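> show me the folded form of this:
(2 chains)
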Protein chains: 2
Amino acid sequence: MRQSRLLLTTLRESPADAEVISHQLMLRAGFIRQLAAGIYTYLPLGRKVLRKAEQIVREEMDRAGAQEMLMPVMQPAELWKESGRYSVYGPELMRLNDRHEREFALGPTHEEVITSIVRGEINSYRKLPVTLYQIQTKFRDERRPRFGLLRGREFLMKDAYSFDADWEGLDESYRQMFQAYNRILTRCEINFRAVEADAGAIGGEGGTHEFMALADIGEDTIAACTVCDYAANLEQAESRAARTDSVERSEEKAVKFHTPGIRTIGQLVQSLGIRSSDIMKTIVYTADSRPVAVVVRGDREVNEIKVKNYLRAGDLSIADAEAVEEATGAPAGFVGPLGLSIPLLVDEEVFGMANGIAGANEADYHYRNLDPGRDLAESEVGDFRQAAEGDRCPRCAEGVLKLSRGIEIGHVFKLGTKYSESLEASFLDAAGKSTRMIMGCYGIGVSRILSAVIEQNHDTNGIIWPLALAPYQVHLIPVSIKDDVQVQAANDIYRRLQENGIEVLMDDRDERPGVKFKDSDLIGIPFRIVIGKDAGQGKVEFVERRSGLKETVTLQAACEKILEQVRLSKPAH
Amino acid sequence: MRQSRLLLTTLRESPADAEVISHQLMLRAGFIRQLAAGIYTYLPLGRKVLRKAEQIVREEMDRAGAQEMLMPVMQPAELWKESGRYSVYGPELMRLNDRHEREFALGPTHEEVITSIVRGEINSYRKLPVTLYQIQTKFRDERRPRFGLLRGREFLMKDAYSFDADWEGLDESYRQMFQAYNRILTRCEINFRAVEADAGAIGGEGGTHEFMALADIGEDTIAACTVCDYAANLEQAESRAARTDSVERSEEKAVKFHTPGIRTIGQLVQSLGIRSSDIMKTIVYTADSRPVAVVVRGDREVNEIKVKNYLRAGDLSIADAEAVEEATGAPAGFVGPLGLSIPLLVDEEVFGMANGIAGANEADYHYRNLDPGRDLAESEVGDFRQAAEGDRCPRCAEGVLKLSRGIEIGHVFKLGTKYSESLEASFLDAAGKSTRMIMGCYGIGVSRILSAVIEQNHDTNGIIWPLALAPYQVHLIPVSIKDDVQVQAANDIYRRLQENGIEVLMDDRDERPGVKFKDSDLIGIPFRIVIGKDAGQGKVEFVERRSGLKETVTLQAACEKILEQVRLSKPAH
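Just a heads-up that it's a prediction; the model follows:
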C-alpha cells in the first residue's frame, strides 16, 4: 500500500477524553474514530489489525474442532423471556421494536439463540458433542463507556457454545476451548494469566476461568502465585489460612469489658494496644432480606462474592444501622459473634486465633478471651475472606500471592443445564431417555485484544505491534521521494517483498524525514526499511521498532531478514 | 470435516412459507434457519458459503484499490438529521433509544457515517481520490420480508464509497467499481446483466447501474437488447420510437364526434374498428399536488418514473376521478390533449401518429383527425412511455428489446455532492479553494449472492454450487463405514486432499447409501468421490454434481482431477 493513498491522518494530540494509552494511541495513529460514546469506526489500519485478530481466533477455533456459524444481531424478546433474562438483564440490553411493535434485543450474547437452534437440530446423543462459534458484533449499553475499545457499546466478540451429552464431555469441551484460548493469546503475544473466576450472574454450575491480560489499567484484580500457576480473580481467590503466632491460649472464659465509644478496629487497636489481627471483625449483611453475620480477622476484608455464593443468595448487601440493631440488639460497632441469634458465618482463619477480641452485642462493651473453637463451635465455617498480597498460595507449599491488575480478554464457562432447562434443549441418550444437553460458553473480546496489546506494547513514541497483528509487516520509507535513486530502490524492494507475500506500507509522501519517522513510530509497524543516501550503493537501513536497533544492510539482506522474521512468526501446527 | 460431527440436519420437506427454490433449498440442505421474519442464522454450511462470497468481494475490492474499514451498526440520529434522511427514510429504518434516551438508527446504509468520517480525515486534494468499503451487517425493516435471504431485515452487504476531487475523478472511481462488480459476479458464476437504472430516492446526479442476476423470481424487470450490450431496468429503459405505418395524414381539422359511454381504449377499438395504436391515451396525474396530463399511444403504458424524473417531482400519483374532472372539465374516459389548460407531456412516439383519436374533454365526445404536429405543438415532448418486449433498441440499429426478470445483487451510483453538501465534506483544491467532494456509492448484497446463485444453479435433487462458493470442494462418501477397506481408502483420500489444501467433507455416518447420496445431492458440493466395492482394487467413483457424469477411476486419478479443477478455478490475477 502506498501511504499517500491510505486513509490515514495521524494526530499530534490525543483527544481529552481518551484516558488510557491504548485509546490515545489508537486515535492518534489513525486506527479508530469515535462515532458516538462507546461506538467506534475502524479506519483502514484498525480494520487490518482487527481482521488479523479475527483470523487468529478463527484458526484456533477451527483447530479445536469448533464450527463457525453466524447468528443474528436482532433477537426476538420471546427467547429472552423463555430464559428469564429479559427482565433481569437490565438497561445494558439494547431493546427496540420493529414496525409491527414486536420486541427485539440487540444481542449482547447468544445463549438463547444458540440453544433454540441446537434444540431444533440435534435430538440424538449421536450428534453430540458439538461446539459452535461465531465472530459477531455485540451490543451492551454500558452506563459509562470508556477506555476506547475496552468498554464499548458496540464491539466484536467471538462467542462459542459447547453442547455435550454429559458432564465429562463438558469437561473435555471446556479443556479444548481453554487450550485454544491459550493459543490465541499466545499468538497475539499478550502477557496473560488464565484465572479462576466467579460464576457470577450468568449462572452455571461448573468451573469458570477468565483470561486476563496483565495491565495497570485493568478493571479487575488478579491474585497469582509467585511459584505455581495458581491464579484467580480476587473476587474468587483463595489463600492458605494464616498461621497464628498469637498469644497463648488462655483457660479463662470470654469476658465482657467496658469499651465506651470504641466502635472501630482502629480505635480498639489504639486503646488496647493490640494488633488488628487479634480482633474478630463481625459484619452484618442482608442476604435476600434476611440478616446474616460474617466474621473475619480484623486485618481482613469480607469477600462478599464468597459469602453470596456460599449462601446461594440472589442479593447480598451490608445491613444498615437500623437492621444491624434489629438483628443483634446492639448498635453498629459493638456486634460480635457470641450470643447472636442470626446465622453466623465464620472465616476459617478466625479459628487460628485465640483470646480474640470482639463486640459483645451490647452498646459500649466488647469480649476478650474469645476462643473460636470453644465459643463459636455452632457457627458455619468457610473461606469468607478476601485474599491479600503476600498470602500463602492455596495450592503449593512455597508461593505467596501477588496482586496485579488485568483486562478481561476471554471467559470460559461451564453453563451446565441453565439454558437447556429453561429453553428445553434435550436429546435422546443411548438408552432412549430424554436428557438435557450440558452446555459451556466461551467468549473472547476480539476488539479488546487490540487495546490489551497496545497497553502492553508501546513506548513514548507510539505503538509497537507484534508481527502477528501488525497492520503491515514492513514500513518502507524512502527518505526523499524527489530522489530518483531512492524512489527506484524503494519501488524495487516494495515489489520484491510483495511478490513474497509480505504486507508493505510504503511512505511515498512528499514529507520531511522527521515527519515520516514520527508517523512510523506512532503507527508501530514492527520492521522499517529506510532508503536514504546510500541507496545508490544498494544499502538501506533496517530498523526494528521494538528495540530501536538500526543496521545498514544491503537491499537484498533487508528483504531476507524480513522473510525470515515472517517465516519464524508463523504458528507451528 | 467429518460429517458425523457437522451440525447439519437436512429436511425432507421445505417449510410452507418458503416460496422460492433458493429459500427452500437453503432450509432443506441445512444452510440457514429462520430466527424471526426476515432474520436468519447461518448454520456451518451456510456460514462457509457466505465467507467465500465475502472473500471474493474483499479480494476484488482490494484489487480495485478500495480500502477496507468497519463502521458501526449503531448510527446517531443526528447524522441522519443532518442529511435530512431521518424524516424521509420511513419505517424501514430501524430506530432505537439508548439508556440516556439518545436516538439511534441501525444502519441500512452508511452514507452519513462515511461522509462524517471523511470530512474529518481529508482536507486536501492531495488525499483524494479515495474509495472505502466495509462488509457489514445491515438492517432494513421490510414491510414484507420474504424469499429467504433475498428480502431480509438483517443482511450482509458490502458497501463502498468513493470521494473524488472532481467529476472526471468520479467517472474513473465509478468505472473501477463497475469493473470490480463484473469480476465479483463472474467469479461467483452468476448469470447477470449490468443495467442502467433509475437514480430513485437515494438522490444523486450522475449515472447508476444495477447488477441483475437473471432469474424468474426476480422482483425487477430488465429490458436488454438482443444484439448489443444495452440493458436497463424497465423503469428506466429507453426504446427507439416506433415508426408509424398509420393512415395517411388528412388535411381535415380535428373533429369532435359523439361516443356515448365509450370510456376505454378497448371500447374505442371495438366500436370504431381501429387499432389501439391509433388512439392517444391521456392520463392525468397529480405531481406534488399539481395536475399534469401525459399522452402516450393507446397500446403503450406511461412510465411514471420517467415522468416523475422529467418533472423533478417528489411525489407522483394518478389523479382520482374528482381531480380529473376538476383539471379537465371532463369525466375520466373522455380526457384528451386538445384544449387542456394543465401542463401537457406528450410522448415522442405520439408524434409519429396522424389522424389520432383522443378524448375531447367533454362527456361522451372524442376527437378524430388529431395531428400532433399541428394540434399539440405547445406541449412538452419526451420519452414518457414504458419500453416493451420487441421494441427497437435505443442504441444499436439491429437489436430489439427482450424483457426478463432479475434479482438486484449490486448497485453502483454516482452520488455527486448530495451528502458532501448536506454534511459539509469539503477539501482545499490545488488553488486553495474550498470545494465539495464528489461522491459515489457502491453496494453489493453478499447474502443475496447465495440466493441468486442457487436460483440459477439447482436441479430437482438440490443445490449445485459453483466451485468458488461451495462449502466444501469435495464430498467423500464411503458407501459403508462398516467396511474397513472402504474406510481406510476414504481416510487415505481425505488426508491426501487435505494436505493439498482441498476442503473435504467426508460422510462418515453409519447411514444407508441412498440417504448419503440424497443428502449429497441436496447440499450440492461440486465433486463427489464414492468409495465402494472397488476400493480394494484402488478404484473409486468420481461424480460431477452438475452433469451427473460418473466415472470409475483410480484413487490417485480422483485426487488429481480434483486438484486440477481447483487449480483451474482460481482467478487469474
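> for the stretch 251-400 of chain A, what spans make up the strands?
Ranges of strands in the stretch 251-400 of chain A, per DSSP state E, counting those that start in this stretch, are A:255-258, A:280-287, A:290-297, A:316-318, A:344-347, A:356-359, A:365-370, A:380-382.
> ditto for the stretch 401-550 of chain A
In the stretch 401-550 of chain A, the segments counted as strands under DSSP E, counting those that start in this stretch are A:401-416, A:426-428, A:434-436, A:438-445, A:458-459, A:462-463, A:474-478, A:504-506, A:527-531, A:539-544, A:550-554.
> next helix or strand past the last one?
Read that as strand A:550-554. helix A:555-569 (DSSP states H and E).
> hang on, the earlier thing: now the strands of the stretch 401-550 of chain A in CSV, with mean pLDDT, mean neighbour count and distance to chain B?
Backbone N, C-alpha and C define where each C-beta goes, glycine included. Below are these laid out as CSV (pLDDT from 0 to 100; neighbours: other Cβ atoms under 10 Å in any protein chain shown; distance: least, Cβ to the nearest Cβ, whole Å):
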stretch, mean pLDDT, mean neighbour count, distance to chain B
strand A:401-416, 94, 22, 18
strand A:426-428, 97, 17, 13
strand A:434-436, 97, 15, 18
strand A:438-445, 97, 26, 14
strand A:458-459, 97, 15, 23
strand A:462-463, 98, 24, 18
strand A:474-478, 97, 27, 17
strand A:504-506, 98, 25, 12
strand A:527-531, 97, 25, 21
strand A:539-544, 96, 20, 26
strand A:550-554, 96, 14, 30
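> closest to A:L156 out of the ones you listed?
Proximity to A:L156 (Cβ to Cβ) singles out strand A:438-445 among these, at 7.7 Å.
> helices and strands around the closest one, which ones?
Packed against strand A:438-445, as judged by 3 or more Cβ pairs under 8 Å, 6 or more residues apart in numbering or on different chains; DSSP states H and E, are the following elements: helix A:111-121, strand A:154-164, helix A:167-187, strand A:401-416, helix A:418-422.
> out of those, nearest to B:W167?
strand A:154-164 (35.7 Å).
> export the strands of the stretch 401-550 of chain A to a markdown table and tack on distance to A:Q270?
Listed next are the strands of the stretch 401-550 of chain A as a markdown table, based on distance: least, Cβ to Cβ, whole Å:
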| stretch | distance to A:Q270 |
| --- | --- |
| strand A:401-416 | 28 |
| strand A:426-428 | 63 |
| strand A:434-436 | 58 |
| strand A:438-445 | 47 |
| strand A:458-459 | 46 |
| strand A:462-463 | 51 |
| strand A:474-478 | 63 |
| strand A:504-506 | 65 |
| strand A:527-531 | 62 |
| strand A:539-544 | 58 |
| strand A:550-554 | 61 |
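> residue contacts, A:A242?
By Cβ atoms under 8 Å, 6 or more residues apart in numbering or on different chains, the contact list for A:A242 reads A:S277, A:R297, A:E349, A:G352, A:D391, A:R392.
> write out the residues of the stretch 151-300 of chain A neighbouring chain B.
A:R153, A:E154 (Cβ under 8 Å from any Cβ of the partner chain).
> can you report how many residues lie near A:G382?
Counted with other Cβ atoms under 10 Å in any protein chain shown, residues neighbouring A:G382 total 15.
> what is the residue in chain A that chain B sits nearest to paired to in the beta sheet?
Residue nearest to chain B within chain A: A:L96 (3.7 Å; Cβ to the nearest Cβ). The residues listed as beta-bridge partners of A:L96 by DSSP bridges are A:F104.
> you'd agree it is up against B:R95?
Yes. Between A:L96 and B:R95 there is a contact under Cβ atoms under 8 Å: 7.0 Å.
> which neighbours do these two have in common?
Shared contacts of A:L96 and B:R95 (Cβ under 8 Å, 6+ apart): B:L106.
> can you find the helix or strand of chain A with the lowest average pLDDT?
One helix or strand of chain A scores below all others by mean pLDDT, DSSP states H and E: helix A:372-375, with a mean of 85.
> which strands and helices sit next to that helix?
Going by 3+ Cβ pairs under 8 Å, 6+ apart, helix A:372-375 lies up against no helix or strand.
> in it, what counts as buried?
A:P372, A:D375 (16 or more other Cβ atoms under 10 Å in any protein chain shown).
> which other residues reach it?
A:A254, A:M280, A:P337, A:L338, A:V346, A:V350, A:F351, A:M353, A:G356.
> which one among those gets closest to A:N457?
Nearest member of the contacts of helix A:372-375 to A:N457, counting by Cβ to Cβ, is A:V350, at 44.8 Å.
> ok, the closest one - how many residues close by?
Considering only other Cβ under 10 Å, A:V350 is surrounded by 27 other residues.
> A:G273 now?
Residues near A:G273, counting by other Cβ under 10 Å: 7.
> now the helices and strands packed on strand A:438-445 as TSV including distance to A:A232?
Shown next, in TSV, are those (distance: least, Cβ to Cβ, whole Å):
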stretch	distance to A:A232
helix A:111-121	24
strand A:154-164	23
helix A:167-187	15
strand A:401-416	9
helix A:418-422	22
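> please work out which of the ones you listed is packed deepest.
Of all those, strand A:154-164 has the most neighbours on average by mean count of other Cβ atoms under 10 Å in any protein chain shown, namely a mean of 25.
> walk me through the domains of chain A.
A:20-238+A:403-454, A:255-382, A:472-569 (automatic domain parsing).
> the most centrally placed residue in chain A bridge partners, please.
By Cα atoms, centre = their mean, chain A has its centre lying nearest to A:E408, at 1.0 Å. Note on A:E408: beta-bridge partners by DSSP bridges are A:M212.
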